[in-house]
Each structure stands twice: as structure tokens, then as C-alpha cells.
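In: take a look and give me a structure for this.
(one chain, ligands or ions: 1)
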Amino acid sequence: MELTGSSAIVTGAASGIGAAAARALAAKGATVVVADLQADKGEALAEEIKGVFVQVDVTNTEQIADAVKVASDIAPLRAVVNSAGIGWAQRTIGRDGLVESAHSLEAFTKVVQINLIGTFDMVRQAATAMSQNEPDEDGCRGAIVNLASVAAFDGQIGQASYSASKGGVVGMTLPVARDLSAAGIRLNTVAPGLIDTPIYGEGPDSEAFKANLGQNVLFPKRLGTPEELASMVVECLTNAYMNGEVVRVDGGIRMP
Ligand code: NAD
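Out: Now for the predicted structure:
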């Protein structure tokens, strides 16, 4: 699928995997709507890639609608990446923790609202806009990639909300891809392993992060890079024969 002359939306594009995906989509010729809570970083990236920043909280359905409208007004919206998310290791600021002590219903709800419901809301609204596009020679009107996590398959201690939210993203992949196929829209999910981004509250240099790193037999010394993830995101968006797939990009840390 060609992206030149199209618009794209990347949520969570101010940082990490989303930022790398936004750069990669711009390099493929799309005009990218950088959709994120963080205005300073988002605006800087939009300027760098000649895109547009729209401040979006993915738990706010009107703000998602704004981003979809901005993108569709620029050019047909053909690519969406749902990368906005919050992590399980941010227990220091009270969003996560052990079930019997720190994992409150409020924390659980917040993680699920951002990572799962926010993702579904963007899928829903973007699909409505994409269904108006002219189909390409394959009958395709657009493509969507959601970011899950290997935590969907193998959650760790203190990770209940995060694994539940990402398990939901994996679980909706097939039914949503089947629904959207009728409208000529493909949907795939990418499940990252340990990637060098700020999502771990204390950062990639923290002890928690390093302890996880040691689990990877093939890559005991390095994390994955946002660019390695962005490359798979672009493949899922542009490879016309990929649909309803969940792809792990984790250096083999969660081989079944
Ligand atoms: P990151 O923290 O670098 O980027 C996440 C971005 O999402 C940030 O810019 C943040 O401002 C934005 N965001 C958070 N809440 C938001 C909201 N309510 N509305 C809009 N934007 C919001 O993290 P990352 O590592 O790039 O993560 C990207 C995706 O990949 C996430 O869904 C994450 O769960 C997933 N993931 C990451 C890893 C990893 O090791 N880095 C592993 C597995 C899955």
C-alpha cells in the first residue's frame, strides 16, 4: 500500500516507538498527525517531519475525533498507529503494583482506559473515515496497527492491569480485522518485548529494566530500539497481504 499523498495518525507519537513510527511514515510520504498528550515534544516532532501536532488524550473521544478530522482534511487517512500507552512498571507513581496491596481499581481502570479502550476508540473512528476512501487496486482503503506487548502472553508480578489491557488489544485483533475487512481496512497488532523508551517510569537505566533485560538469552545486553519496532509497524501497514496478525518483535524473549 502506498502512503504518498495520504495522511496518517500516530497516537503516542511524542515519544519512543510512536515517534519512530511517525518518522518512518513521513519518510514513506505520508503527512503525519502527531497525536499525543505531550505538546512540547509533539510539536517539535511535527515540525521535524513536516506533520501536524494535535493534542489528544486517547481517553477523550472528542479529541480522537479532532485528530481524525485534521488528518482527513489534509489528505485521505490511510494509516493509523495506536502507540499511546502507559506501562506497568510505573508503580512508583501509584498506577500499578501488587494485587493485594497497591493495585487499586482506579489504577487498573486507568491503564485499561488508555491502553485498550483508547485504542479501540481510535480504531472505530479512524475506520469510519477510512471507509470513505477510494480503494486501491487490492480493494484496500486503509490500514491500522495497534501496539500490544509480550505482557499479553506472559505477565509479570505487579503487571495485572497492563497485561489485561494488552491481552485485550491482542484479543480484539482477529474480530476487528474480520469486521473491517468488509470495508477494505486491514488491522494488525505488533507486540514489542523490551524496547529502549521512557515508558518504564524510572527509565531504561533503572534496576527493574535491567533485571528484565537479563531474561533475554539472545540479547542479554541490549534492548530493542524504537526503530526496529517502527520498521515492523510500517511493514504491517504497507504489506497488502498482512491482515489480522499479531507479530512479536522481542528478540525472542517470549518464544512460545
Ligand atoms: P513511551 O512512554 O516512550 O511513549 C508513549 C507515549 O504515549 C508518550 O508520548 C505519552 O505521552 C503517550 N500517552 C500516554 N498516555 C496517553 C494518553 N492518554 N493519550 C495520548 N497519549 C498518551 O512508550 P513506548 O515504549 O514508545 O510505548 C509505545 C507503545 O508500545 C505502548 O502502547 C506500550 O505499551 C507498548 N510497548 C512498549 C514496550 C517497551 O518496552 N517500550 C514494550 C511492550 C509494549
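
In: C-alpha from now on. contacts and neighbour counts both.
Out: Noted.

In: mind listing the helices for the stretch 1-150 of the chain?
Out: For the stretch 1-150 of the chain, helices defined by DSSP state H, counting those that start in this stretch occupy the ranges 16-27, 39-48, 61-74, 105-112, 118-130.

In: of all the ones you listed, which one is nearest Ser165?
Out: Nearest to Ser165, of all the helices of the stretch 1-150 of the chain, is helix 105-112, at 4.9 Å by CA to CA.

In: now check that closest one, is it near the ligand?
Out: No - judged by CA under 6 Å from any ligand atom, helix 105-112 and the ligand are separated, with a smallest distance of 8.9 Å.

In: tell me the buried residues in that helix?
Out: 107-108, 110-112 (16 or more other CA atoms under 10 Å).

In: which strands and helices sit next to it?
Out: The helices and strands touching helix 105-112, judged by 3 or more CA pairs under 8 Å, 6 or more residues apart in numbering; DSSP states H and E, are helix 160-171.

In: could I get the full set of helices for the stretch 151-256 of the chain?
Out: Under DSSP H, counting those that start in this stretch, the stretch 151-256 of the chain gives helices at 160-171, 173-181, 207-213, 226-238.

In: check those for me: which has the lowest mean pLDDT.
Out: With a mean of 68, helix 207-213 has the lowest mean pLDDT of the helices of the stretch 151-256 of the chain.

In: residues from this protein in reach of the ligand?
Out: Counting by CA under 6 Å from any ligand atom, the residues of the chain near the ligand are 11-18, 36-38, 56-59, 83-87, 114, 147-149, 192-199.

In: so of the residues you listed, which ones are in strands?
Out: 11, 36, 147, 192 (DSSP state E).

In: where does pLDDT dip in the chain?
Out: Within the chain, the stretches with pLDDT under 70 are 88-103, 201-211.

In: what residue is smack in the middle of it?
Out: The structure's the chain has its C-alpha centroid closest to Ser83; by CA atoms, centre = their mean the separation is 2.1 Å.

In: one step back: return the most buried member of the helices of the stretch 1-150 of the chain.
Out: Mean neighbour count (mean count of other CA atoms under 10 Å) peaks for helix 16-27 among the helices of the stretch 1-150 of the chain, with a mean of 24.

In: who's in contact with it?
Out: 3, 8, 10-13, 31-32, 34, 45, 49-51, 81-84, 196-199, 226-227, 229-231, 233-234 (CA atoms under 8 Å, 6 or more residues apart in numbering).

In: what sits against Glu137?
Out: No contacts exist for Glu137 under CA under 8 Å, 6+ apart.

In: if you set the cut-off to 10 Å instead, what comes out?
Out: Listed by CA atoms under 10 Å, 6 or more residues apart in numbering, the contact partners of Glu137 are Met1.

In: next one: it from Val234, what distance?
Out: Between Glu137 and Val234 the distance is 19 Å, computed by CA to CA, to the nearest Å.

In: for Asn133, same thing?
Out: From Asn133 over to Val234 (counting by CA to CA), the distance is 20 Å.

In: then Leu213?
Out: 26 Å.

In: excluding chain neighbours, what is closest to Ile253?
Out: Asn216 (4.9 Å; CA to CA, 6 or more residues apart in numbering).

In: neighbours around that neighbour, how many?
Out: Residues lying near Asn216 (other CA atoms under 10 Å) number 18.

In: nearest spatial neighbour of Leu194, skipping sequence neighbours?
Out: Going by CA to CA, 6+ apart, Leu194 has Leu223 as its nearest residue, at 5.6 Å.
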